[in-house]
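here is my input, please return the structure:
(one chain, ligands or ions: 2)
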Amino acid sequence: MKDVYILSIESSCDETSIAIVKNGNEVVALTILTQMDTHAEFGGVVPEIASRMHTENITMVLEETLRKAKMGVEDVDAIAVTYAPGLLGSLLVGIEFAKVLSYVYNKPLIKVNHLIGHIYANKINDNLHFPCLALIISGGHTELIKMTGDYEFELMGETQDDAIGEAFDKVARVIGLKYPGGPNIEKLALNGKPTYKLPKPVNDDSYNFSYSGLKSSVINLVHNEEQRGNIINKEDLACSFQYTAVEELTRKLDMALKNTNIKNIIIAGGVSANKYLREEINKVCLKNGAKLNLPEFIYCTDNAAMIGAAAYPLYLKKDFADLDLNAESTISIC
Ligand code: KG4
Ligand code: ZN
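Numbering: from 1, shown residues only. Ligands and ions are numbered 1, 2, ... in the order given. The predicted model follows:
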């Protein structure tokens, strides 16, 4: 079969990224331009600034990717783009750019769900083995999904309030760490011990999650200690929060592994870059005789290579989008 090259575009949040992916699992070239430093000054992503920066940078990101791949747009077989979920203005920059390329170069357009992109990040340099359980843990999502085949999803559980990444970011902010909080909490936690007793998120037998109570209890604890003039041990607090947040995931995953007897696990989304979390999830998998698939670090956070990987099965099915494609800020997988 002829090799298939997909040019993929991701601009759903604060990364402008373009990749060329061969046959859905080989990254020919990838460029990621992050706006993180700009948004860090504001303590979080400012949507208006994000979309303006995508507009300013996207052509340069394309040129850089084509240069690395030693290819032109005319050499690829399709143009793929993230259309949901994410910040509307940011998504629209990528979508309009993709439409222009698709029209001018006469290439089919493929629309990709960002969350499915995170799952297919596991296919890069590897493969997906079905049936599997996918744990999506990002700034906007905390979902446990059963997959029985390519693009066959069944939602088992999800967060009832905040996403785990959102909790990492808010807790980081209250203890004075910069955005994005996740990696900074992880770093601080390395020198701490889980000495603070924090409430367990959801103490039930469903596969749902909840992170707003845990987040609020950390915020309250910090404020109360400050009012009493007590000094907080930030390392220990970061470690205690991370410990409790991860324990909730591992407990639910353990339950799901036992109840479904599924032996393949995928983790996806920005929070899956957390090394402590990777180790703890791996322990649960080993205990249940399951195999854990982890994306390489670079494919954990937002990037266009995962969008190219997720677009490939759609290309094979000729599941193409029209030029009236629009952005959607919220959408679920199933
Ligand atoms: O998937 P992603 O790049 O963007 C979304 O689609 O949300 O995930 C970003 C989230 C942020 O909340 C960030 O703090 C978190 O992933 N994150 C981490 C780590 N690296 C990124 N959380 C914990 N530990 C990390 N090492
Ligand atoms: Zn993401």
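
need the residues of the stretch 151-300 of the chain near ligand 1, please.
165, 168-169, 180-183, 186, 269-271, 273-274 (C-beta under 6 Å from any ligand atom). From N, CA and C alone the C-beta is placed, and that goes for glycine too.

could I get the residues you listed as JSON lines with secondary structure and neighbour count?
Supplementary listing: those in JSON lines, determined by DSSP: H, G, I helix; E, B strand; the rest coil; neighbours: other C-beta atoms under 10 Å:
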{"residue": "Gly165", "secondary structure": "helix", "neighbour count": "25"}
{"residue": "Phe168", "secondary structure": "helix", "neighbour count": "30"}
{"residue": "Asp169", "secondary structure": "helix", "neighbour count": "24"}
{"residue": "Pro180", "secondary structure": "coil", "neighbour count": "22"}
{"residue": "Gly181", "secondary structure": "helix", "neighbour count": "25"}
{"residue": "Gly182", "secondary structure": "helix", "neighbour count": "27"}
{"residue": "Pro183", "secondary structure": "helix", "neighbour count": "18"}
{"residue": "Glu186", "secondary structure": "helix", "neighbour count": "20"}
{"residue": "Gly269", "secondary structure": "coil", "neighbour count": "29"}
{"residue": "Gly270", "secondary structure": "helix", "neighbour count": "24"}
{"residue": "Val271", "secondary structure": "helix", "neighbour count": "29"}
{"residue": "Ala273", "secondary structure": "helix", "neighbour count": "21"}
{"residue": "Asn274", "secondary structure": "coil", "neighbour count": "25"}
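
for Leu30, which non-adjacent residue is closest in space?
Leaving aside its chain neighbours, Leu30 sits nearest to Ala19 (4.3 Å; criterion: C-beta to C-beta, 6 or more residues apart in numbering).

quick check: which element contains that neighbour?
strand 15-22 (DSSP states H and E).

that strand - contacts with which helices or strands?
Applying 3 or more C-beta pairs under 8 Å, 6 or more residues apart in numbering; DSSP states H and E, one finds that strand 15-22 contacts strand 5-10, strand 26-34, helix 47-69, helix 305-316.

out of those, which is closest to Leu286?
Proximity to Leu286, assessed across these by C-beta to C-beta, is greatest for helix 305-316 (25.9 Å).

what helices or strands is that closest one leaning on?
Against helix 305-316 (3+ C-beta pairs under 8 Å, 6+ apart) you get strand 5-10, strand 15-22, strand 26-34, strand 78-84, strand 109-113, helix 114-120.

can you do 7 Å?
strand 5-10, strand 15-22, strand 78-84, strand 109-113, helix 114-120 (3 or more C-beta pairs under 7 Å, 6 or more residues apart in numbering; DSSP states H and E).

what's in contact with that helix?
4, 6, 8-10, 19, 21, 23-25, 27, 30, 77-78, 80, 82, 110, 112, 116-118, 120-121, 123-124, 150-151, 299 (C-beta atoms under 7 Å, 6 or more residues apart in numbering).

likewise for stretch 52-69?
For stretch 52-69, contacts defined as C-beta under 7 Å, 6+ apart pick out 11, 16-20, 28-29, 31, 33, 35, 38, 72, 90, 93-94, 97.

out of the residues you listed, which are buried?
Using 16 or more other C-beta atoms under 10 Å as the burial test, the contacts of stretch 52-69 include 11, 16-20, 28-29, 31, 33, 35, 90, 93-94, 97 as buried.

OK, contacts around the residue sitting nearest the centre point of the chain?
With distances taken as C-alpha atoms, centre = their mean, the residue of the chain nearest its centroid is Gly269 (2.4 Å). Listed by C-beta under 7 Å, 6+ apart, the contact set of Gly269 reads 118, 136-138, 141.

hang on, the earlier thing: tell me which of the buried ones among the contacts of stretch 52-69 is nearest to Asn326?
Of the buried ones among the contacts of stretch 52-69, the one sitting nearest to Asn326 (C-beta to C-beta) turns out to be Gly94, at 12.2 Å.

same for whichever strand or helix holds the closest one, what does it pack against?
Taking DSSP H and E as the criterion, Gly94 maps to helix 88-105. Under the contact criterion of 3+ C-beta pairs under 7 Å, 6+ apart, helix 88-105 touches strand 5-10, helix 47-69, strand 78-84, strand 109-113.

for it, buried residues please.
For helix 88-105, burial by neighbour count (16+ other C-beta under 10 Å) applies to 88-95, 97-99, 101-102.

what lies in contact with the lowest-mean-pLDDT helix or strand in the chain?
In the chain, no helix or strand scores lower on mean pLDDT, DSSP states H and E than helix 36-40, which sits at a mean of 89. Applying C-beta under 7 Å, 6+ apart, the external contacts of helix 36-40 come out as 14, 45-46, 49, 53, 178-180.

put the buried members of these into a PyMOL selection.
In PyMOL, this line selects whichever of these come out buried by 16+ other C-beta under 10 Å:
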select buried, resi 14+45+46+49+53+179+180
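
what sits against the residue of the stretch 1-150 of the chain at minimum distance from ligand 2?
Of all residues in the stretch 1-150 of the chain, Ser138 sits closest to ligand 2, at 4.6 Å by C-beta to the ion. The neighbours of Ser138, taking C-beta under 7 Å, 6+ apart as the test, are 118, 163, 165, 269-271.

which one is it nearest to, not counting chain neighbours?
Gly269 (3.2 Å).
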